[in-house]
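J.: Give me the fold of what follows.
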Amino acid sequence: MPLLHKIAAAVVVVAVALGLWLPDERPGAPSAGAARAGDREPVPVGPAGKARPGERPGASQPGPRPTAAASAVGTVGPATPAAAAASANELGQVPVLMYHRIVAKPTLTLDRTIKEFREELVRLATGGYVPITAGEFVSGRINVPAGKHPVVLTFDDSTPEQFALDPQGRPKPDTAVGILQDVARQYPGFRPTATFYLNKELFGLAGQEAAGLRWLQQNGFELGNHTLTHKDLSQLSKKDVQKEIGDIEAKIVSLTGRNTTTLAYPFGSEPDKRSWAEKKDGSYSFQGVFLAGWKPSESPYAEDFDRLAIARVRSEGKIKENDCTRFCSTAWLEELEKNPATRYTSDGDPNTITFPRSEEDRLAKRLRGNGRIY
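T.: Next up is the predicted model:
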């Protein structure tokens, strides 16, 4: 064979090998968004146990890279016996809980008492839930033991009741962080992590902002963007939307050296165009955007998961206000306990996505090679 032909053949072989073994881009999925809901006047979106996001197209989502085999073959494989025994369903619903102030005596509608917060955490811990961050959730980096269920704990408005340091530089025990750490000590395996969505008040740290935010990051907590002054973005121009988001992002970066990866809309209100909030070159770029409540989220591996309109559930008991008898955290946790097949249950392997055969059509197409069925 002539030399040039040999070189050409070698190039073809290398190109084929690279095509088979280099990972694809992160998976995307046409997706559906949750109905708009506000922190103050939330709108119920459907009956408990049956709610699904409304039909609205979303952008491609970041997520776990498909394996080489998944990229090349794209077929669902058999589940392991252990995953089947755990009744794994990684296409099930994930509760993303939304908190505000944690106080001894509530004075505002969205307040939860210290006792209520602790009891809800204990309920999660004893119910097999393991907290993960909002960033881990939207990117599909869900690594919890087999048979366990991920839960995302989110806190809006960065108030002093959520996080404060004592003179020794430790979190005060009656803050959300202090309580969460205490419950985690009592229940090994209940990971003490949460995502805090920040406004300009920054927990009222007053001169300790940098130290406080670094403490949170160094101790496994995540920071998110909640705009500078908590304005309703649906009422603002593109310029003002980007300023609200960009100014707090710049503040966070100046204090921590890191950008945030997710945004939570004030009042759950979207701007006129999602693209205004999703990204601004040189300022911010979010992997996920969260709304303000009323149903669990779709799995990030589901075809209809919409990373730019992720549903959350307000933390509250079964009170009459705002239909919390059906749509707040106590009601939804009860619903998921009564219908365990509908919630996300881990197979224990972060590199596979295991689910019952009846759920196969819900898997994002580009993740089929990571799918495992029983």
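J.: Could you use CA atoms for every contact and neighbour count after this?
T.: Fine.
J.: Do a quick rundown of the strands in the stretch 151-300 of the chain.
T.: Ranges of strands within the stretch 151-300 of the chain are 195-198, 222-225, 262-264, 279-280, 284-285, 288-290, based on DSSP state E, counting those that start in this stretch.
J.: Just put the ones you listed in TSV and tack on distance to residue 174 and mean neighbour count.
T.: Converted to TSV, the strands of the stretch 151-300 of the chain look like this (distance: least, C-alpha to C-alpha, whole Å; neighbours: other C-alpha atoms under 10 Å):
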stretch	distance to residue 174	mean neighbour count
strand 195-198	17	26
strand 222-225	20	27
strand 262-264	25	27
strand 279-280	36	15
strand 284-285	33	20
strand 288-290	27	25
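J.: Throw those strands into JSON lines and include mean pLDDT and distance to residue 156, thanks.
T.: Listed next are the strands of the stretch 151-300 of the chain as JSON lines, based on pLDDT from 0 to 100; distance: least, C-alpha to C-alpha, whole Å:
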{"stretch": "strand 195-198", "mean pLDDT": "99", "distance to residue 156": "5"}
{"stretch": "strand 222-225", "mean pLDDT": "98", "distance to residue 156": "9"}
{"stretch": "strand 262-264", "mean pLDDT": "98", "distance to residue 156": "8"}
{"stretch": "strand 279-280", "mean pLDDT": "98", "distance to residue 156": "21"}
{"stretch": "strand 284-285", "mean pLDDT": "98", "distance to residue 156": "19"}
{"stretch": "strand 288-290", "mean pLDDT": "98", "distance to residue 156": "11"}
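J.: Show me the one of these that comes nearest residue 139.
T.: When the strands of the stretch 151-300 of the chain are compared by C-alpha to C-alpha, strand 288-290 sits nearest residue 139, at 8.2 Å.
J.: Can you tell me the centre-most residue of this protein?
T.: Geometric centre of the chain, nearest residue: residue 134, 3.2 Å, by C-alpha atoms, centre = their mean.
J.: Can you lay out the strands of the stretch 151-300 of the chain as CSV showing distance to residue 139?
T.: Below are the strands of the stretch 151-300 of the chain laid out as CSV (distance: least, C-alpha to C-alpha, whole Å):
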stretch, distance to residue 139
strand 195-198, 14
strand 222-225, 14
strand 262-264, 10
strand 279-280, 16
strand 284-285, 14
strand 288-290, 8
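J.: Select, out of the ones you listed, the one closest to residue 108.
T.: Short answer: strand 195-198, nearest of the strands of the stretch 151-300 of the chain by C-alpha to C-alpha, at 18.5 Å.
J.: Residues in contact with that closest one: which ones?
T.: For strand 195-198, the surrounding residues in contact (C-alpha atoms under 8 Å, 6 or more residues apart in numbering) are 133-134, 152-158, 221-228, 248, 263-264.
J.: where does the chain dip in pLDDT?
T.: For the chain, the stretches with pLDDT under 70 are 1-73.
J.: Tell me how many other residues crowd the closest residue to residue 292 other than its chain neighbours.
T.: Ranked by C-alpha to C-alpha, 6 or more residues apart in numbering and with sequence neighbours excluded, the top spatial neighbour of residue 292 is residue 268, at 4.3 Å. Residue 268 sits with 26 neighbouring residues when counted by other C-alpha atoms under 10 Å.
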